[in-house]
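A.B. asks: I'd like to go over a predicted model; first the sequence, then the structure.
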Amino acid sequence: MANPWAGEVAVVLDGRRHVARLTLGALAELEDALATGSLIDLVQRFEAGRFSTRDVLALLVAGLRGGGWQGTAADLRSVEIGGGPMEAARVAAELLARAFTLPGET
């Protein structure tokens, strides 16, 4: 089970449940993967609903890798994400919220 107090979010890939979280290393990897802007810009895009599928993919890869997954963006492009694109976007937004919010602030 994913632990929200540890910033964890569950995501299902090809029917298999994984735990994702944005560790410091995952955040650094995410920052490298962003085409433009900073992590703050990414948060603002999500808050305004102006995020791209590239943003969602980068967040999911970073979060999954922070949770111990050994895959890459290319691997994630070829799997079925449980709940489809809308669930992928929800998980990405939840990862950001849990990474930058203190427990109990939501």
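C.D. replies: Happy to help now that I have it.
A.B. asks: wouldn't G82 be in contact with L13 here?
C.D. replies: Yes. If you go by CB atoms under 8 Å, G82 and L13 touch, sitting 7.4 Å apart. Using the backbone N, CA and C atoms, a C-beta is placed for each residue, glycine as well.
A.B. asks: Strands of this structure, residue ranges please.
C.D. replies: 9-13, 16-20 (DSSP state E).
A.B. asks: Excluding covalently adjacent residues, which one is nearest to L39?
C.D. replies: Excluding the flanking residues, the one nearest L39 by CB to CB, 6 or more residues apart in numbering is E31, at 5.9 Å.
A.B. asks: so how far is L96 from that neighbour?
C.D. replies: 13 Å (CB to CB, to the nearest Å).
A.B. asks: These two: who's more crowded?
C.D. replies: L96 (23 against 14; other CB atoms under 10 Å).
A.B. asks: That one and S78: what is the separation?
C.D. replies: In terms of CB to CB, L96 sits 24 Å off from S78.
A.B. asks: Tell me which of the strands of the chain is the most buried.
C.D. replies: strand 9-13 (a mean of 20; mean count of other CB atoms under 10 Å).
A.B. asks: Find the nearest non-adjacent residue to S52, please.
C.D. replies: Excluding the flanking residues, the one nearest S52 by CB to CB, 6+ apart is R45, at 7.7 Å.
A.B. asks: Give me the neighbour count for that neighbour.
C.D. replies: Around R45 there are 16 residues (other CB under 10 Å).
A.B. asks: again with D41
C.D. replies: Around D41 there are 12 residues (other CB under 10 Å).
A.B. asks: show me what contacts it?
C.D. replies: Shown in contact with D41 (CB atoms under 8 Å, 6 or more residues apart in numbering): L34.
A.B. asks: The residue nearest to L95 when sequence neighbours are not counted: neighbouring residues, count only.
C.D. replies: In space, and not counting its chain neighbours, L95 is closest to G63: 4.4 Å by CB to CB, 6+ apart. Neighbour count of G63, defined by other CB under 10 Å: 31.
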